[in-house]
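1. quick one, fold the following:
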Amino acid sequence: MAREVKPYNQEESKKAQVGNMFDRIAPYYDFLNRFLSLGVDVYWRRRAIRQLAGQQITALLDVATGTADVALEASRQLNPQRIVGLDLSYEMLEIGREKVHRRNLDALITLTQGDSENMPFEDNTFDALTVAFGVRNFENLEKGLLEMRRVIKPGGMVVILEFSRPKAFPFRQLYNFYFRNILPVIGKLTSKDPKAYRYLYESVQAFPDGQDFLKILAKTGYKSNRCIPLTLGICSIYTAVK
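-> So this is what the prediction gives:
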């Protein structure tokens with residue numbers, strides 16, 4: 001079971017705090033993603049969507065869609081008829097809607113505010129589901145995974161992109177130093193929210209990555225579960241089938 005880490009305090013629910021945190025950092029989110037990852041996050045998202053290549057996908061759900069980067073990449077690679085993005089943060093979605101509108105994709109991509117652990121969709125609605133850097137923020141990880149499984153059709157694939165912890169020396173030590181000491185300082189100076197990027201490091205450390213996450217996927221009813229480490233284990237793609 002994942003250890004619960006909250007962005008700000010122990011009193012308020014994690015869900016409420018995560019929503020508030022992303023509302024606060026929304027104007028800086030895309031810039032910081034590119035800057036802090038040296039642009040590698042774009043490659044990670046492309047690799048994640050590529051896992052769905054060759055499948056017949058009419059309707060796709062992107063959970064924790066944020067500013068819609070994954071939804072936009074899915075529209076480019078997969079050519080589905082309908083993409084729905086779901087996120088807790090109103091401010092992140094507003095930025096995502098602007099990006100969708102600039103690309104004239106309003107008829108294809110719909111962005112909706114909602115809770116990934118209690119989604120406003122019928123059972124067996126979507127052909128596939130994606131989530132990038134979102135499951136780590138679930139208040140109840142297993143509940144969120146079960147809810148994701150509920151809304152996809154039998155045989156549908158879930159693709160999860162999430163940070164993980166490198167294992168190899170000395171990259172692991174360099175990674176931990178950067179995430180623990182450098183990244184929060186940059187986040188504080190840029191986003192004016194020092195705790196948001198401290199939370200990023202702490203939540204990654206607490207997340208059950210690799211084989212531990214594959215076991216949780218199996219426990220929540222998924223099959224054909226697979227983990228693909230990326231960039232020396234900084235993040236991983238997990239694929240699973242309902």
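2. list of residues touching the helix or strand bottoming out on mean pLDDT in the chain?
-> For the chain, counting by mean pLDDT, DSSP states H and E, helix 183-191 ranks last in confidence among helices and strands (a mean of 76). For helix 183-191, the surrounding residues in contact (Cβ atoms under 8 Å, 6 or more residues apart in numbering) are 24-25, 28-29, 31-32, 35-36, 193-194, 196-198, 200-201. C-beta: built from backbone N, CA, C; applies to glycine.
3. show me what counts as buried in the strand ranked longest in the chain.
-> Secondary structure of the chain per DSSP state E: the longest strand is strand 152-163. Neighbour-count burial for strand 152-163, with 16 or more other Cβ atoms under 10 Å as criterion, is recorded at 152, 156-163.
4. of those, which pair is most distant in space?
-> Distances among those were taken as Cβ to Cβ; the most separated pair is 156 and 163, at 24.4 Å.
5. which residue ranges of the protein form strands?
-> 59-63, 82-87, 109-113, 126-132, 152-163, 223-230, 235-241.
6. work out the gap between the longest one and the centre of the chain.
-> What it means is strand 152-163. Remark: strand 152-163 is offset 12 Å from the chain centroid, using Cα atoms, centre = their mean, to the nearest Å.
7. just stretch 231-239 next, same as before
-> On Cα atoms, centre = their mean, the centre of stretch 231-239 falls 12 Å from the chain's centre.
8. on that earlier part again, and the strands of the chain as CSV, adding mean pLDDT?
-> Shown next, in CSV, are those (pLDDT from 0 to 100):
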stretch, mean pLDDT
strand 59-63, 98
strand 82-87, 98
strand 109-113, 98
strand 126-132, 98
strand 152-163, 97
strand 223-230, 98
strand 235-241, 97
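9. of the ones you listed, which approaches residue 94 most closely?
-> Residue 94 lies closest to strand 109-113 among the strands of the chain, at 8.7 Å (Cβ to Cβ).
10. and that closest one, which residues are buried?
-> Neighbour count says strand 109-113 has 109, 111 buried, by 16+ other Cβ under 10 Å.
11. direction included, what does it pair against?
-> strand 82-87 (parallel) (DSSP bridges).
12. the partner strand: which residues count as buried?
-> Quick answer for strand 82-87 (16+ other Cβ under 10 Å): 82-87.
13. tell me what angle that strand forms with strand 126-132.
-> 40 degrees (axes from the mean of the first three to the mean of the last three Cα atoms, to 10 degrees).
14. now the angle between strand 82-87 and the longest helix along the chain, please.
-> The longest helix of the chain (DSSP state H) is helix 14-36. Between helix 14-36 and strand 82-87, the angle formed by their directions is 110 degrees, by the same axes, to 10 degrees.
15. name the helices or strands packed onto helix 14-36?
-> The helices and strands touching helix 14-36, judged by 3 or more Cβ pairs under 8 Å, 6 or more residues apart in numbering; DSSP states H and E, are helix 40-50, helix 90-102, helix 183-191, helix 194-206.
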